[in-house]
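Chemist: output the structure for:
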Amino acid sequence: MRIKILKSTPFGPVVILWSVFNDLPQITRVLISQPDYSALAQVAHDYPEAQPSTCKEIDDIAADIKAFLEGEDISFPLNMMTLDKCPPFQKAVLCADHSIPRGRVSTYQLIAMYLGKDQAARAVGNALSNNPFPILIPCHRVIRSDGHLGGFRGGIMMKRALLKNEGVSIGHDNGVLSNRIYYRNKKINKN
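Modeler: Here you go, the predicted model:
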């Protein structure tokens, strides 16, 4: 396991865990700092064997992550992430979440309905709470059905700041003030 550490982001350290598969760098996990637990402490505890290493592709992703966290409009390619290690339902949720455009939000329930699993809003939330690629797969863009932010591994303040960087208005009660809801009128995917 290799790691690339971004020490100076607006939200604390970020760690990219990656390996080489078929001669190509693949991201296996992204660790973001939590309000009470730094990404550096997480990597030391959970991946003590990981070695600092980099390559051009990982350097480019690291620069894009930093730029994204500073408010730039960046999209991340799914093909650099090892989604094949995720269970099928989680992979479907992560792909649906990845499709939510910048400046838009969706809800756990709408993603469940889009996936043809109308009663699976809680399962969607669980899949996103275990998102191995936060930031790259923008789970901060998914909110509760009542319009409030819901949870986020990096903390509610980070979720709020990321959405505000994208132009999403949020009230003092952490309710989203936007009607730009993705998947609201999307055809339900029964696959």
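Chemist: please parse the chain into its domains.
Modeler: Annotated domains of the chain cover 2-80, 86-165 [automatic domain parsing].
Chemist: quick check: end-to-end length of the first one?
Modeler: Across its full length, domain 2-80 reaches 14 Å between end residues, using CA to CA, to the nearest Å.
Chemist: just to revisit the earlier point, just say which of the domains of the chain is most tucked in.
Modeler: Neighbour counts (mean count of other CB atoms under 10 Å) averaged over each of the domains of the chain peak at domain 86-165, with a mean of 19. (C-beta placed from N, C-alpha, C; glycine too.)
Chemist: quick check on the spatially most central residue of the chain: phi, psi?
Modeler: Nearest residue to the geometric centre of the chain (CA atoms, centre = their mean): P134, 2.7 Å. Backbone geometry at P134, expressed as degrees, to the nearest 10, gives phi -60, psi 150.
Chemist: beta partners for it?
Modeler: Under DSSP bridges, the beta-bridge partners of P134 are I137.
Chemist: quick one on the thing from earlier: dump the domains of the chain to a markdown table, plus distance to N174 and mean pLDDT.
Modeler: Shown next, in a markdown table, are the domains of the chain (distance: least, CB to CB, whole Å; pLDDT from 0 to 100):
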| stretch | distance to N174 | mean pLDDT |
| --- | --- | --- |
| domain 2-80 | 15 | 96 |
| domain 86-165 | 5 | 96 |
